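K.L.:
Here's a sequence, model it:
(one chain, ligands or ions: 1)
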Amino acid sequence: MSHDIVIADKPKDECGVFGIWGPGENVSRLTYFGLHALQHRGQESAGIAVTDGKQINVHKGMGLVMEVFNDTILNNLNGSAAVGHVRYSPTGSNSLINAQPLVFRCRRGSAAFAHNGNLVNAAQMEEQLAEMGVLFQSTSDTEIFANLVARYGEEGIVDAVTKAVSHIRGAYSIVMMTQNKLIGIRDPYGVRPLCLGRLNEAYVLASETCALGIVGAKFVRFIEPGEMVVINSSGLESFKIGQEERQGMCIFEYVYLARPDSTLDAGNVAQIRMECGRQLARETDVEADMVIPVPDSGNSAALGYSQAKGIPFMSGLIKNRYVGRTFIQPSQKMRDLGVKLKLHPVREILQGQRVILVDDSIVRGTTSKKIVQLVRDAGAREVHMMVSSPPIQNSCYYGIDTGKREELIAGRIGVDDICRHIGADSLHYLSVPGLIQAVGLPEKKMCTGCFTGDYPAGIPEKEDEDKNMFEEGW
Ligand code: SF4
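P.N.:
Here you go, the predicted structure:
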């Protein structure tokens with residue numbers, strides 16, 4: 001998966017986190033590699049904070065990991081533990097001030113915070129803290145959590161974090177670091193993923209297992225929903241920081257967000273996507289000559305669909321991997337050209353054929369429409385669109401930028417109208433029960449909010465609530 005022009009019409013993950021406790025290891029370079037593996041979770045800023053036991057140094061900047069760091073910067077980040085972060089920023093907040101890790105100093109010392117997820121009571125907490133005189137530098141929820149930790153700092157880091165999380169509600173997988181401890185926290189619903197690995201004597205925490213593999217770490221286990229792990233020179237200790245009967249691992253991680261080579265709580269992502277394709281095949285009956293994926297996000301589901309139906313899998317769309325982001329972003333005209341620049345149909349394969357086109361999701365419908373047209377222009381006789389997830393009808397409040405409900409095509413119109421809009425001969429979505437069955441976790445352990453409107457951690461009191469009280473002026 002890559003977040004570029006072809007999939008501009010896809011929900012955007014808002015962060016990836018990485019941490020390592022590794023005295024004797026080159027922690028900044030390992031974190032750099034870990035962030036490379038998590039780059040699909042955020043491309044707008046990257047940062048690494050390192051502790052040498054006395055102080056925390058941080059470097060962060062706007063851009064991809066390889067644009068923010070170079071040898072000299074990494075060589076100057078020396079220490080025994082590190083925390084890293086990649087971020088995608090929702091519209092209007094992509095400034096360096098929101099780049100993470102956020103590093104704060106308080107009476108007990110310094111701490112670095114890297115957060116994936118969104119709090120649903122951020123506005124209330126920010127208001128309460130502001131009334132107490134707290135100043136905010138960024139617009140990120142992470143700063144609220146950091147301020148709460150600082151507030152209870154006198155009680156030691158374990159108690160401070162435990163008390164801080166009792167005030168917040170929503171999705172948070174956090175990797176944080178004091179001068180002499182690395183800490184991993186997963187919210188009681190377990191919305192966003194967080195895993196633990198070992199590299200020799202070192203401990204590694206990461207959003208996805210693909211970041212363990214790249215640094216040579218072995219997967220140990222997932223951090224449990226409502227668990228905090230504290231790692232220092234004495235080893236690892238686990239604490240319970242909350243428990244919810246209803247859990248809510250984001251089901252969309254399996255559909256699109258996570259990298260296919262990662263394993264999440266329910267299993268390997270590529271295999272689950274193939275199963276989504278097989279399930280879609282069981283639920284639909286369309287005569288066709290070939291199955292082609294929208295690369296890369298539709299690859300695994302298309303393969304599963306093809307195998308289940310016995311219809312040949314063909315590469316009818318070829319992705320150009322070398323179109324730079326800056327080249328295709330400047331104007332609407334260029335964005336409109338984007339699909340053609342990025343995807344090219346193979347006329348010799350598509351000519352005169354009845355095609356099943358498989359993609360993982362439709363958000364606004366704009367890109368799907370262009371791709372269907374591309375396939376038709378290349379001579380396809382029929383184009384049947386298969387989507388390996390249900391219609392996205394609702395916004396996400398837990399750290400994924402789906403856009404607002406009115407921007408979601410399935411939030412406004414029904415399947416038949418979407419089919420007409422994208423110009424397909426037929427359109428079929430995987431059912432909600434079909435998706436849950438393909439993922440294989442019990443329904444009460446997953447969030448399906450954007451498909452069903454059922455949000456395990458609730459939603460903000462006012463749907464449009466934003467933490468913008470400072471923008472009204474004095
Ligand atoms: S609302 Fe959708 S994208 Fe957001 S956490 Fe739930 S399943 Fe994931």
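
K.L.:
Could you check how many residues crowd around the residue in the stretch 101-250 of the chain positioned nearest to the ligand?
P.N.:
Using Cβ to the nearest ligand atom, the closest approach of the stretch 101-250 of the chain to the ligand is made by Cys250 at 3.2 Å. C-betas here are computed from N, CA, C, even on glycine. Number of residues near Cys250 (other Cβ atoms under 10 Å) recorded here: 28.

K.L.:
do Gly24 as well
P.N.:
Residues near Gly24, counting by other Cβ under 10 Å: 9.

K.L.:
who touches it in this structure?
P.N.:
80, 201-202 (Cβ atoms under 8 Å, 6 or more residues apart in numbering).

K.L.:
Including secondary structure, could those residues go into CSV?
P.N.:
Formatted as CSV, the contacts of Gly24 follow (DSSP: H, G, I helix; E, B strand; the rest coil):
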residue, secondary structure
Ser80, coil
Glu201, coil
Ala202, strand
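
K.L.:
all strands in the stretch 51-200 of the chain, in order from the N-terminus.
P.N.:
Shown for the stretch 51-200 of the chain, the strands assigned by DSSP state E, counting those that start in this stretch span residues 56-62, 81-87, 102-106, 109-116, 173-178, 182-186, 195-199.

K.L.:
what packs against the longest one?
P.N.:
Just to be clear, that refers to strand 109-116. For strand 109-116, the packing partners by 3 or more Cβ pairs under 8 Å, 6 or more residues apart in numbering; DSSP states H and E come out as strand 15-21, strand 45-51, strand 56-62, strand 81-87, strand 102-106, helix 141-151, strand 173-178.

K.L.:
if I've got this straight, Ile292 is in a strand?
P.N.:
Yes - using three-state DSSP, the assignment for Ile292 is a strand.

K.L.:
need the contact list for it.
P.N.:
Ile292 touches 302, 313-317, 349-350, 355-358, 375, counting by Cβ under 8 Å, 6+ apart.

K.L.:
what stretches of the stretch 51-200 of the chain score poorly on pLDDT?
P.N.:
90-94 (pLDDT under 70).

K.L.:
How about the residues of it by the ligand?
P.N.:
Val191 (Cβ under 6 Å from any ligand atom).

K.L.:
before we move on, the earlier item: quick one: buried ones out of the contacts of Gly24?
P.N.:
80, 202 (16 or more other Cβ atoms under 10 Å).

K.L.:
Put together CSV for the contacts of Gly24, with distance to Gly53 on each row.
P.N.:
Below are the contacts of Gly24 laid out as CSV (distance: Cβ to Cβ, whole Å):
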residue, distance to Gly53
Ser80, 6
Glu201, 16
Ala202, 15
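
K.L.:
Which one of the contacts of Gly24 is nearest to Gln43?
P.N.:
Ala202 (27.0 Å; Cβ to Cβ).

K.L.:
just to revisit the earlier point, give the buried subset of the contacts of Ile292 as a PyMOL selection command.
P.N.:
If you want just the buried ones from those in PyMOL, going by 16+ other Cβ under 10 Å, the selection is:
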select buried, resi 302+313+314+316+317+349+350+355+356+357+358+375
